[in-house]
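>>> Sharing a model prediction with you, sequence too.
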Amino acid sequence: MRDGMKRRYIFFVFWIMMFVAICLVLTQTGYSDGDDAWFYRYTDQMGFFEYLSWRYETWVGRMAGEALVYLAFSLGLPFWRVVNAMMLVLLTAGILRLAATAAYVTEAGDAEWGERRPALAEQDYREMGLLAAAAGASGFLLMSVETLGYAAVWVNGSIFYTWTFTCGIWALVPFAELVFKGKAEGWKFLCALLPAVIASMSVEQMGAVLFAFELLALGYSTYRDCRVNVYALVQTLVTALAFGILFAAPGNALRVQSEIATWMPGYETISFGHHLFITVQWLLSSFANENKLFLCGIWTAGILLLCQRERKGTAEYFLLGGAGIFTVVSLLPFAGITVFSDLGMGISDITVRLDHVPVWSDLAGMHVFALVWWTVALVFTFFFVWRVSGGQMVLVLAYLAGIASEAILFFSPTMYASGARVYYLTDLLYLFILLALSFGVREGRRRGLFYAGVLLAGLINFAAQMPVLRAFIDF
């Protein structure tokens, strides 16, 4: 009991320190000249319900996110800084909690899929120590600075992405407990209703991922227990209703037409095949550049899990070799070698209208090679996650959800203009996967070295992007 109290106190201090550090960083940021200035103007001129009605009718159905924007801009930067720091801490803690709940290993770590057991005795991430929490927090440093800046430091972007994604993560906690612990208290589902509404009525990516996992968890628990969990059903229905209200907004169609004219005039005239090509190219480019360190973390954690297996077959050695090769190749851009990461998009400025949409004939042989390489890498990783986790379906689904959350931009004319913030949810999902896999590493020393490596990789990645960082934070 005393050890448990000491552990909780240590982690409490850690989260407080993280909160204070983020607050200090955020004191160096303010409203941007673009969207932030626009939101500040209209939230100042309109009443709350007048503003929400106007936005719903003329632009977007993201009512929960818009309500938070109105609140934050009305209360000013000090309020935003405190709440944003709190949301970043809660986001990290929520991902660690989900990872600890979902982390299962096969008995004895053998290559065969035997009976699974929780990787953590109490399914509490604090069992892994402070270094694991630090690695979770350093996930923000593994991101592209532009992703972090747009989704967590930019005032408007942080509200729509960090705040609502945090709500989505915590809305999934009772479902994770229902699936992996066999039960979840009803009050947790009731407390998760508001976060679920915020997450599903703010950004389509988060709403789709939340609803899909809720539906799958509800279906699985109903099949396993031969009865419907009423609380889980209620939250799922509330999420579906909120998500439906988002898509039913009259302003959505007006917004699409406006964004076509502003960002991609050729959107409606390109063929399905051409549209599919630019989506695949853009998506693969994100993994080759912005998301690569998260894949490296997944591959490295999987290598550690494979190495600890007592019996290895041909498949295990193949996976070990493949993961090692993909990891090394992914790090080559840090040495200035871009043959594997240049997929030929040729778009240097996303803030201007795209009059020439990339076409296949624009690609050189090296670009085609890079496209094929990263296609193979993503397919390989699907089977890799399945095998090293012992067939843990939730981790595989999280991996696919990371791809799908970007692929959904197939339906948006702002695929390029939306910027790096689109990759935020993918990064968070893959942080969850690499943490869940790492919790299954039995030897504490190897696990500690892995977390130290994640932290070091984050710091190096952050330092390498300092010139870009100055665009977001004025030191």
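Structure received. Residues are numbered from 1 along each chain as shown.
>>> Can you pull out the residues in contact with stretch 7-25?
Contacting residues not belonging to stretch 7-25 are listed as 81-82, 84-86, 88-89, 92-93, 126, 130, 133-134, 137, 153, 473 [C-beta atoms under 8 Å, 6 or more residues apart in numbering]. No exception for glycine: its C-beta is placed from N, CA and C like everyone else's.
>>> Just the buried subset of these, please.
Burial by neighbour count, judged by 16 or more other C-beta atoms under 10 Å, picks out 81, 84-86, 88-89, 92-93, 126, 133-134, 137, 153 from these.
>>> okay, these in JSON lines with distance to Val105 next?
What follows is those, written out as JSON lines (distance: C-beta to C-beta, whole Å):
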{"residue": "Arg81", "distance to Val105": "40"}
{"residue": "Asn84", "distance to Val105": "36"}
{"residue": "Ala85", "distance to Val105": "34"}
{"residue": "Met86", "distance to Val105": "33"}
{"residue": "Leu88", "distance to Val105": "30"}
{"residue": "Val89", "distance to Val105": "28"}
{"residue": "Thr92", "distance to Val105": "23"}
{"residue": "Ala93", "distance to Val105": "23"}
{"residue": "Arg126", "distance to Val105": "18"}
{"residue": "Ala133", "distance to Val105": "20"}
{"residue": "Ala134", "distance to Val105": "23"}
{"residue": "Ala137", "distance to Val105": "24"}
{"residue": "Val153", "distance to Val105": "37"}
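>>> hang on, Leu98 packs against Ile169?
Yes - contact status for Leu98 versus Ile169: in contact at 6.6 Å, counting by C-beta atoms under 8 Å.
>>> coming back round to it: so which two of the contacts of stretch 7-25 are the farthest from each other?
Farthest pair in those (C-beta to C-beta) is Arg126 and Ile473. Separation: 31.0 Å.
>>> Can you list which of the contacts of stretch 7-25 are found in helices?
Among those, the residues falling in helices (DSSP state H) are 81-82, 84-86, 88-89, 92-93, 130, 133-134, 137.
>>> now, which of these sits nearest Asp427?
Thr92 (12.4 Å).
>>> Is it correct that that closest one is in contact with Gly136?
Yes - counting by C-beta under 8 Å, Gly136 is a contact partner of Thr92 at 5.1 Å.
>>> Now find how far off-centre the lowest-mean-pLDDT helix or strand in the chain is within its chain.
Ranked by mean pLDDT, DSSP states H and E, the weakest helix or strand in the chain is helix 466-469, scoring a mean of 76. Centre-to-centre, helix 466-469 and its host chain are 22 Å apart (C-alpha atoms, centre = their mean, to the nearest Å).
>>> now stretch 270-279
Between the centre of stretch 270-279 and the centre of its chain there are 25 Å (C-alpha atoms, centre = their mean).
>>> That one: which residues count as buried?
Taking 16+ other C-beta under 10 Å as the criterion, stretch 270-279 shows 275, 277-279 as buried.
>>> Save those residues as CSV, and put in pLDDT and secondary structure too.
As requested, those are arranged in CSV below (pLDDT from 0 to 100; DSSP: H, G, I helix; E, B strand; the rest coil):
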residue, pLDDT, secondary structure
His275, 92, helix
Phe277, 96, helix
Ile278, 95, helix
Thr279, 95, helix
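>>> Dump the residues you listed to TSV, plus distance to Glu290.
Formatted as TSV, the buried residues of stretch 270-279 follow (distance: C-beta to C-beta, whole Å):
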residue	distance to Glu290
His275	22
Phe277	20
Ile278	17
Thr279	16
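>>> and of the residues you listed, the nearest to Leu371?
Looking across those and measuring by C-beta to C-beta, the closest to Leu371 is Phe277, at 9.6 Å.
>>> that older thread, quick check: of the buried residues of stretch 270-279, which lies closest to Ala121?
Thr279 (43.8 Å).
>>> which residues does that closest one contact?
Contacts of Thr279 by C-beta under 8 Å, 6+ apart are 407, 409-410, 415.
>>> Can you classify Val105 as helix, strand or coil?
The three-state label given to Val105 by DSSP: H, G, I helix; E, B strand; the rest coil is strand.
>>> beta partners of it?
Arg117 (DSSP bridges).
>>> Surely it and Gly390 touch.
Yes - counting by C-beta under 8 Å, Val105 touches Gly390, with 6.7 Å between them.
>>> Any regions of this protein where pLDDT drops low?
1-4, 107-115, 470-475 (pLDDT under 70).
>>> same thing but 80
1-5, 33, 106-116, 348-351, 467-475 (pLDDT under 80).
>>> Any chance of the backbone angles for the residue lying closest to Ala364 once chain neighbours are set aside?
Residue nearest to Ala364 in three dimensions, not counting chain neighbours: Gly344, with 6.6 Å by C-beta to C-beta, 6 or more residues apart in numbering. Note on Gly344: its backbone torsions stand at phi 80, psi 30 [degrees, to the nearest 10].
>>> on that earlier part again, tell me the one of the ones in helices among the contacts of stretch 7-25 nearest Arg117?
Ala133 (23.0 Å).
>>> Please tell me how far that closest one sits from Ala370.
Separation of Ala133 from Ala370 (C-beta to C-beta, to the nearest Å): 36 Å.
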